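# below is the sequence, then the predicted model.
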Amino acid sequence: MTVVRAFDAAIMPRRCVFCGTVCEPNEAYCCCGCAAELPWVENRCTRCAGPLAPPVRDGVDCADCQQRPPPFVAAATPLRYTFPIDAAIKAMKFQRRLYYVQAFSPMLAQTMARLPQDIDALLPVPLHWRRHAIRGFNQAAELCKPLQKLTGLPILANVTRIRPTPYQSGLDADERRRNLCAAFAIQGSVIARHVLIVDDVITTGETCRQLASVVLAAGAEKVSVLAIARA
Ligand SMILES: [Zn+2]
Ligand SMILES: [Zn+2]
């Protein structure tokens, strides 16, 4: 097996997804040079992963969360949604560049380690079947696969998107809220106690709020959120 892998690596060396450099054995599809330049998150609200300015004490929610507490207990992303992460996520979703998943999954795993430790199920944000048919895959489900391998946690498959919500970009927060109203449905109940919602990007957090509410109503006790980037 090792021989096969060495042979594979020799004919198809792993390359950095951002710059194309051949990766060192300790680099997982993102070279050290690019990793040093990526827009890593700092000073974020641990409740919603939103930006904090000025930084508040650990364990204190941001002003948004205090005004309108989200239904989830924690949210985290390793990165901010700016260049080159925005371009990478768009390429992954709209041009089927699924090799980005290999670069993002170790980052997601590291960030997941900072979330509550009692998470017992993964839930990729579902796509409406029509969009799934057009795209051919659900990027959130692709991001869940390596996490499932790593953690052994089950992936919830009884949640569906019942309304083909139009694209959210270009809408303000109120419009997004209306746009997402009753967007998700669950067949049966959720047997997990602490569900981790996984998505590619958290934009305003409305999708996660809606999905978390549905999951809680179906029997889960807690929900947390993990994504690659926060706008
Ligand atoms: Zn690179
Ligand atoms: Zn917050």
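Nice, thanks for sending it over. Ligands and ions are numbered 1, 2, ... in the order given.
# in this structure, what residue spans correspond to helices?
Per DSSP state H, the chain carries helices over the ranges 2-11, 32-37, 63-67, 85-94, 99-112, 129-135, 139-151, 173-180, 206-217.
# want to try JSON lines for those helices, with mean neighbour count and distance to Arg47 as columns?
For the C-beta atoms, the positions are set from N, CA and C on the backbone; glycine is no exception. Output for the helices of the chain, formatted as JSON lines (neighbours: other C-beta atoms under 10 Å; distance: least, C-beta to C-beta, whole Å):
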{"stretch": "helix 2-11", "mean neighbour count": "9", "distance to Arg47": "42"}
{"stretch": "helix 32-37", "mean neighbour count": "13", "distance to Arg47": "27"}
{"stretch": "helix 63-67", "mean neighbour count": "13", "distance to Arg47": "4"}
{"stretch": "helix 85-94", "mean neighbour count": "17", "distance to Arg47": "22"}
{"stretch": "helix 99-112", "mean neighbour count": "19", "distance to Arg47": "15"}
{"stretch": "helix 129-135", "mean neighbour count": "12", "distance to Arg47": "29"}
{"stretch": "helix 139-151", "mean neighbour count": "18", "distance to Arg47": "21"}
{"stretch": "helix 173-180", "mean neighbour count": "14", "distance to Arg47": "17"}
{"stretch": "helix 206-217", "mean neighbour count": "21", "distance to Arg47": "11"}
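# residues from the chain in reach of ligand 1?
Cys16, Phe18, Cys19, Thr21, Cys31, Cys34 (C-beta under 5 Å from the ion).
# between those, identify the one with the most neighbours.
Ranked by neighbour count (other C-beta atoms under 10 Å), these have Cys31 at the top, with 22 neighbours.
# where's that one relative to Pro78, distance?
Cys31 is 16 Å from Pro78, where distance means C-beta to C-beta, to the nearest Å.
# low pLDDT regions in the protein?
In the prediction, the chain carries residues with pLDDT under 70 at positions 1-11, 55-58, 164-181.
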